[in-house]
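*Asks:* pasting the sequence and the predicted model now:
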Amino acid sequence: MARMRLSSLIPAAAVLGCCVLAIPPQCAHAQAAPAKPAVGTMVPPSATYDKLLSGMEKEFVDLAEAVPEDKYNFAPTQGEFKGARTFAQQVKHVTEANYYFFGGGNFTEAEGKAKSEAIDKLTSKADIIKALKDSFAQAHTYIAGITEKNAFEMTKTGTRAGMSAFGIAHFMDHYGQMVEYARMNGIVPPASRGSM
């Protein structure tokens, strides 16, 4: 086996070094993790609420997608579950409620009623999931409009910050119920997979 000389490696190393240095700074930056704001830096309320909404939304939508369509009409019957919503009704209830919490009172009573009736009529999993995702898009739009100045100003339904917090807490309450429905049907929620 021939021995490589150090002198033959130097040009190769020089070429590799030049290639690395030639990488545009924006490429190197694009791969870096986003910088965390420094301690004491003011973070806009919209960024805080949107981050929270995004994380919780992912868990909720992932669960709604994980449950098969033939289980969408499931509601518990053992124990004190008389009159409990089905899985589909839980998802549709959250969809409707998102328009209330994240609508800012911008819908007239007639518009709100029409929206609720349209959501209530949905029967296929695909249509229900689409409506759910649309309601979360509305939530993101609403939250994007929250500023330091208007976060605690009253709207027709309450303060923007208050309604956002309540809306997120509301759908996560239903998420907890839906987790139980999924587990009763042998489905491990996506957020719980890999952590057991």
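*Replies:* Thanks, I have the structure now. Everything numeric here is computed off the predicted structure, so don't read it as measured data. Residues are numbered from 1 along each chain as shown.
*Asks:* name the helix or strand for residue 83, please.
*Replies:* Assessed by DSSP states H and E, residue 83 sits outside every helix and strand.
*Asks:* can you give me the strands in this structure?
*Replies:* Read by DSSP state E, the chain holds no strands at all.
*Asks:* most centrally placed residue in it?
*Replies:* residue 57 (2.5 Å; C-alpha atoms, centre = their mean).
*Asks:* mind listing what that one touches?
*Replies:* With contacts defined as C-beta atoms under 8 Å, 6 or more residues apart in numbering, the neighbours of residue 57 are 136, 139. Yep, even glycine has a C-beta here, placed from its N, CA and C like the rest.
*Asks:* run the chain-centre distance for stretch 181-196.
*Replies:* Computed by C-alpha atoms, centre = their mean, to the nearest Å, the separation of stretch 181-196 from the middle of its chain amounts to 18 Å.
*Asks:* okay, buried residues for that stretch please.
*Replies:* Within stretch 181-196, the residues that qualify as buried are 181, 182, 189, 191, counting by 16 or more other C-beta atoms under 10 Å.
*Asks:* pLDDT and distance to residue 40 added to these, as CSV?
*Replies:* Shown next, in CSV, are the buried residues of stretch 181-196 (pLDDT from 0 to 100; distance: C-beta to C-beta, whole Å):
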residue, pLDDT, distance to residue 40
181, 96, 44
182, 97, 42
189, 95, 37
191, 91, 32
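*Asks:* buried stuff in stretch 131-147?
*Replies:* Buried, per 16+ other C-beta under 10 Å, within stretch 131-147: 131, 132, 135, 136, 138, 139, 142, 143, 146.
*Asks:* ignore what I typed, I meant stretch 43-60.
*Replies:* 45, 46, 49, 50, 53, 56, 57, 59, 60.
*Asks:* chain center to that stretch, what's the gap?
*Replies:* Distance, centroid of stretch 43-60 to centroid of chain: 7 Å (C-alpha atoms, centre = their mean).
*Asks:* for the chain, which helix is longest?
*Replies:* helix 160-184 (DSSP state H).
*Asks:* what's that helix packed up against?
*Replies:* Packing contacts for helix 160-184, counted by 3 or more C-beta pairs under 8 Å, 6 or more residues apart in numbering; DSSP states H and E, involve helix 45-66, helix 87-101, helix 125-144.
*Asks:* go through the ones you listed and name the closest to residue 80.
*Replies:* Within the helices and strands packed on helix 160-184, the stretch nearest residue 80 is helix 87-101; the backing value is 16.7 Å (C-beta to C-beta).
*Asks:* show the end-to-end separation of stretch 78-92, please.
*Replies:* Stretch 78-92 has an end-to-end distance of 23 Å (C-alpha to C-alpha, to the nearest Å).
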